[in-house]
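**Student:** model this:
(3 chains)
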Amino acid sequence: MLIAEGVAGPEKGGGAGAAANASAAAGAGDSAIEHSDYRAKLSQIRQIYHQELEKYEQACNEFTTHVMNLLREQSRTRPITPKEIERMVQIIHKKFSSIQMQLKQSTCEAVMILRSRFLDARRRRRNFSKQASEILNEYFYSNLSNPYPSEEEKEALARRCGITINQVSNWFGNKRIRYKKNIGKAQEEANLYAAKKAAGASPYSMSGTPGPMMSPPPGEDSMGYGIPGMNGSGYSGVGQ
DNA sequence: CTACATGATTTCGA
DNA sequence: TCGAAATCATGTAG
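**Tutor:** This is a model prediction of the structure:
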């Protein structure tokens, strides 16, 4: 059981097996940085585990020799068979091994907790960069009539935003549903992006072509375009 | 600290 | 398997 967690076995973080299994399911492709933290914690647990294990081992040996000595002393006053000695030793070892089992169990628990804490992507959520949001929003509002990027488009967006395809899919899923939920507010955002595009670049074909290929205009013009409903009402749009 | 924004996951249906 | 909707858990502005 512990071996599966990479705690028991020899040195080397093998826990990635189960870990990757859990995180590979969805958008956690950037897990390199977080993983190193996880690994560090895991190896810490492993170290403590081995430390304790060794301590028990040592205590066990000490205790055994102690008992042996006692028996030897006693053998002067009464006969003691080797069998009896062996039985004694066996009992001691059994006791200690059950203690070790407990150690294993608690270590296992610690690993489980660590894993759920670190590997659950929801707990590691990071907001996308402003640029990424910009790119995604731009695409979304440019294709409001059909905000369903194809696989290739998703990949292109993912590349430009520095996120995974899964994350792009998540984003569009969230965006669509949340846009629908309050069209009123989002409409302003739509106008804003439409204006941006008009200001930023050449004419466009609304749907069909993969559309945005240039990076977003760095300039912060946005204002200056008498956009109705843009006068600081509620949502300031860009990014957040 | 609270409320809201937002990315990720889960559930359900076609 | 993809997407809609509901839900979760975190980030962050107030």
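**Student:** Am I right that residue A:176 is in contact with residue A:149?
**Tutor:** No - Residue A:176 is beyond contact range of residue A:149, at 11.1 Å (criterion: C-beta atoms under 8 Å). Backbone N, C-alpha and C define where each C-beta goes, glycine included.
**Student:** For chain A, which helix extends over the most residues?
**Tutor:** If each helix of chain A is counted by residues according to DSSP state H, the longest one is helix A:32-74.
**Student:** same for the helix or strand following that helix, what does it pack against?
**Tutor:** For helix A:32-74, the succeeding helix or strand toward the C-terminus, using DSSP states H and E, is helix A:82-119. Judged by 3 or more C-beta pairs under 8 Å, 6 or more residues apart in numbering; DSSP states H and E, helix A:82-119 is in contact with helix A:2-5, helix A:16-23, helix A:32-74.
**Student:** Confidence-wise, which of the ones you listed is weakest overall?
**Tutor:** The stretch with the lowest mean pLDDT among those is helix A:16-23, at a mean of 37.
**Student:** contacting residues for residue A:92?
**Tutor:** Applying C-beta atoms under 8 Å, 6 or more residues apart in numbering to residue A:92 gives the contacts A:60, A:63-64, A:67.
**Student:** Then residue A:155?
**Tutor:** By C-beta under 8 Å, 6+ apart, the contact set of residue A:155 is residue A:165.
**Student:** phi, psi of residue A:148?
**Tutor:** phi -130, psi 90 (degrees, to the nearest 10).
**Student:** For it, the count of nearby residues, please.
**Tutor:** A count of nearby residues for residue A:148, using other C-beta atoms under 10 Å, gives 9.
**Student:** before we move on, what about residue A:93?
**Tutor:** Residues lying near residue A:93 (other C-beta under 10 Å) number 14.
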